[in-house]
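K.L.:
Mind folding the following:
(chains A and B)
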Amino acid sequence: MVGPLLKGLKITFSHLFKPAFTVKYPYEKIEVAPRWRGKHVLRVDEEGREKCCYCGLCEAVCPANAIRIYGEEAPLEKSDVGKIAVIYEIDYRRCIFCGYCEEACPRGAIELTTFYELAEPEREKLLQTKETLLEKR
Amino acid sequence: MVMWIAVTVVKLLIYFAILMLFVAYGTLAERKVAGHIQDRLGPYHCGPHGVLQPLADGLKLFFKEDIVASEADKFLYFLAPALAVVPPLLVLGIIPIGESITIAGKTIPLPIANINVAVLYFLGVTSLSVYAIMLGGWSGNSKYPLLGGLRSAAQFISYELVLGLSIIGVVMLVGSFNLVDIVKYQKDMWLFIKQPVAFVAYMVAAIAELNRAPFDLPEAESELVGGYHTEYSSMKFALFFLGEYANMVVSSAIATALFLGGWYAPCSFLSFIPGPVWFLLKTFALFFFMLWIRWTYPRLRYDQLMGMCWKYLIPITLFNILGTGLVVILKAGGV
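P.N.:
You can find the predicted model right below:
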C-alpha cells in the first residue's frame, strides 16, 4: 500500500524540475498555421485598385450575417470592372470565422489573415469598416 | 515587569509578522508548486516570477464586494471567519522557535510562553477551528456549506483522536508536555527516528484536520461547490483562507518541535547556523510536504476517510503507545 503512494510522490517531484510548457502569452506568442482564419483583409491589385467588385456573394453566403456591403459604379482607375464597394463592414461581434466569404469570393478580394488579437475594450469598435480592412500598399 | 511586557509585545509582533509573511508566501508557494508539478509556471506576471502575487491577491480581496447572504444568521456569519484565524494565532504563543538569545547582556527566552502544558494547549486550541468551519457552513443558510460543515465536524472529531494519540508516544518518551523540554530531549537524536509511526500518524491527522487534499471533503469542489465557504466573499473569504494557511504553518511548526528536533541542526558541524533559521527551514520543509501531497493524491471517498481513521490509524497509534510504554518501562529497569 505504501509503495504506490511513494511512487506517486516520486513522479510529482520529478515533474517539479521539468521545463514548463507554458507560453507566456502577451510576451511570447505561438506561431499559428498559415491557413489560420483570423481577421479579414480586402485585397488590392498591382495598380492599387480594389479587387472587390460588389458582387455581394460574401454577404449572401455569410451564415452569421456579419457582412454589410453596398456598392456603386466607379471609374476605371478605381476598379477594373467599373464597380466598387463603397461600404464594406464586417461586424466582429457576429463573425464566426468560418471563411465562407473567402471561399465564395470569385476574385480573391477578401481573405482571412493570421491576425487573431481582435479584443477591444468597447464593443462598437468591433464593427470594422473599409478603413481598417483594406490592404495597405 | 515593564521590561518583560515590552519584550513580549516585541516578540509577539515579530512572530506575527513572520507568520503572516509565511502565510502570504505560502499561498504563492502552493500555486507555484502546483504549477510546476503540472508542468506549468504558476503565477508569473506580478514582479519577477510572480513574487508580488500575494500582495496583488490581498489588494484584490480587500476591494471585492462583500456580499452577505440575505437569509444568513448574521451574528454567526460574521463570527465564523474571525474564529478561523484565531486558533493558529493562539498557538503561535507556544512555538519554540529557539531556546534563548542574549541581547545587551540580557538573556531573552525565544518562545513567547514557555508553559508546561504546551502540547495540551495546542490540542485544545486547534480543535477550536472546527467551530469556524461548522458555523460558517451553518450560518450561510445554504445546503452545500451545511454539508461541508457537517462533514468537517465528523472528520475533525475522528482525526483529533489520532492527533492526540500520536503525540502521546512522544510525551511518554520525554516525560513532559513542555515543548521546550521536548525539543531539548532531541538534541542527539530526533524523535521521528524513535517514533516513526507516530510521526506518520501525526502528519496524516494534521493534513486531515487542515481539510487539505487528499482529505479536503469539507470543500470538495466537484460535489459541494466551494464547501463551507461557498456563501462567503471578499475579506471574509480571505480570512478562511488565511486561517487555513496559518493552521498549516502552525501544524508544521509543532511537528518540527515534536519530531524534527526543533531548533537543533541535523549534524553538529552545521550548528553554526542559528537555531531559529533551522526551525523555519524545517517548518517550511513540512509545509512543502503538505503541498506536495495535495498535488499528488486524488481525494478520498468519505467512507474511506472515516475507515482509514477508525480502522487503521487509531489501532496503529494505540499499538504505538503500548510499544513505547513497554520500552520506557524496560529502560527504567523493568516492572
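K.L.:
Please look at residue A:97 and residue A:38 and confirm they touch.
P.N.:
Yes. Look at residue A:97 against residue A:38 with Cβ atoms under 8 Å: they come within range, at 7.1 Å. Using the backbone N, CA and C atoms, a C-beta is placed for each residue, glycine as well.
K.L.:
Find residues that contact each of the two.
P.N.:
Shared contacts of residue A:97 and residue A:38, defined by Cβ atoms under 8 Å, 6 or more residues apart in numbering or on different chains, comprise residue A:112.
K.L.:
Can you give me the neighbour number for residue B:284?
P.N.:
18 (other Cβ atoms under 10 Å in any protein chain shown).
K.L.:
give me phi/psi at residue B:29?
P.N.:
Residue B:29 adopts backbone torsions of phi -60, psi -40, taken as degrees, to the nearest 10.
K.L.:
if I look at it, how far off is chain A?
P.N.:
Separation of residue B:29 from chain A (Cβ to the nearest Cβ, to the nearest Å): 12 Å.
K.L.:
Wait, that residue touches residue B:290, no?
P.N.:
No. Under the criterion of Cβ under 8 Å, residue B:29 makes no contact with residue B:290, lying 10.2 Å away.
K.L.:
of the two, who's got more company?
P.N.:
residue B:290 (21 against 18).
K.L.:
Find the helix or strand that residue A:60 is a member of.
P.N.:
helix A:57-61 (DSSP states H and E).
K.L.:
How are the strands of chain A distributed by residue range?
P.N.:
A:40-42, A:67-73, A:83-91, A:110-112, A:127-128 (DSSP state E).
K.L.:
Strand partners (parallel or antiparallel) of the shortest one?
P.N.:
By that I understand strand A:127-128. Using DSSP bridges, the strands paired with strand A:127-128 in its sheet are strand A:83-91 (antiparallel).
K.L.:
The second one too?
P.N.:
Strand pairing for strand A:67-73, using DSSP bridges, gives strand A:83-91 (antiparallel).
K.L.:
Can you list the buried residues in the strand it pairs with?
P.N.:
Neighbour counts over strand A:83-91 (16 or more other Cβ atoms under 10 Å in any protein chain shown) mark A:83, A:84, A:85, A:88, A:89, A:90 as buried.
K.L.:
wait, what's in contact with the nearest residue to residue B:114 once chain neighbours are set aside?
P.N.:
Excluding its sequence neighbours, the residue lying closest to residue B:114 (Cβ to Cβ, 6 or more residues apart in numbering or on different chains) is residue B:180, at 5.4 Å. For residue B:180, the contacting residues are B:96, B:99, B:111, B:114, B:118, by Cβ under 8 Å, 6+ apart.
K.L.:
Which two among those residues are spaced furthest apart?
P.N.:
Using Cβ to Cβ, those span at most 14.4 Å, a distance reached by B:99 and B:118.
K.L.:
Look up how far chain B lies from residue A:21.
P.N.:
In this view, residue A:21 and chain B are 5 Å apart by Cβ to the nearest Cβ.
K.L.:
Make sure that residue is actually in contact with residue B:35.
P.N.:
No. Counting by Cβ under 8 Å, residue A:21 sits too far from residue B:35 to count as a contact (10.7 Å).
K.L.:
which of the two has more neighbours?
P.N.:
residue B:35 (19 against 9).
K.L.:
nearest to residue A:7, of the contacts of residue B:180?
P.N.:
For those, the nearest to residue A:7 is residue B:96 (35.7 Å; Cβ to Cβ).
K.L.:
which regions of chain A lie under the pLDDT threshold?
P.N.:
Under the criterion pLDDT under 70, the flagged ranges of chain A are A:137.
K.L.:
interface residues of it facing chain B?
P.N.:
Residues of chain A lying near chain B by Cβ under 8 Å from any Cβ of the partner chain: A:5, A:8-9, A:11-13, A:15-22, A:24.
K.L.:
Just the buried subset of those residues, written out for ChimeraX, thanks.
P.N.:
The buried residues among these can be selected in ChimeraX (16+ other Cβ under 10 Å) with this line:
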select /A:12
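K.L.:
Of the residues of chain A next to chain B, which pair is most distant in space?
P.N.:
A:5 and A:24 (34.4 Å).
K.L.:
I'd like the average pLDDT over the helix or strand hosting residue B:147.
P.N.:
Secondary structure from DSSP H and E places residue B:147 in helix B:143-174. Average pLDDT, helix B:143-174: 85.
K.L.:
Now do the longest helix along chain A: which elements does it pack against?
P.N.:
If you go by DSSP state H, chain A has its longest helix at helix A:2-16. If contacts are counted by 3 or more Cβ pairs under 8 Å, 6 or more residues apart in numbering or on different chains; DSSP states H and E, helix A:2-16 sits against helix B:2-37, helix B:275-294.
K.L.:
Just list what the helix or strand following the longest one packs against, helices and strands only.
P.N.:
Meaning helix B:2-37. Using DSSP H and E, the helix or strand that follows helix B:2-37 in sequence is helix B:53-63. Packing partners of helix B:53-63 (3+ Cβ pairs under 8 Å, 6+ apart): helix B:2-37, helix B:234-259.
K.L.:
distance between the shortest one and the chain's centre?
P.N.:
Centre-to-centre, helix B:234-259 and its host chain are 5 Å apart (Cα atoms, centre = their mean, to the nearest Å).
K.L.:
Show me which residues of that helix are buried.
P.N.:
B:234, B:236-259.
K.L.:
just these that are near chain A?
P.N.:
Checked against chain A using Cβ under 8 Å from any Cβ, the buried residues of helix B:234-259 yield no neighbours at all.
K.L.:
For the spatially most central residue of chain B, which residues are in contact?
P.N.:
Nearest to the geometric centre of chain B sits residue B:251, at 2.6 Å (Cα atoms, centre = their mean). Going by Cβ under 8 Å, 6+ apart, residue B:251 touches B:126, B:206, B:209, B:210.
K.L.:
Go again with 10 Å.
P.N.:
With contact set as Cβ atoms under 10 Å, 6 or more residues apart in numbering or on different chains, residue B:251 has these partners: B:88, B:91, B:122, B:126, B:163, B:202-203, B:205-207, B:209-210, B:212, B:283, B:286-287, B:290.
K.L.:
Ok, residue A:75 next?
P.N.:
Counted by Cβ under 10 Å, 6+ apart, residue A:75 has contacts A:82, A:84.
K.L.:
again, only using 8 Å
P.N.:
Per Cβ under 8 Å, 6+ apart, neighbours of residue A:75: residue A:82.
K.L.:
Close to chain A: what parts of chain B are there?
P.N.:
B:33, B:35-41, B:44, B:292-293, B:295-297.
K.L.:
which of the residues you listed sit farthest apart?
P.N.:
Among those, B:44 and B:297 lie farthest apart (Cβ to Cβ), at 26.3 Å.
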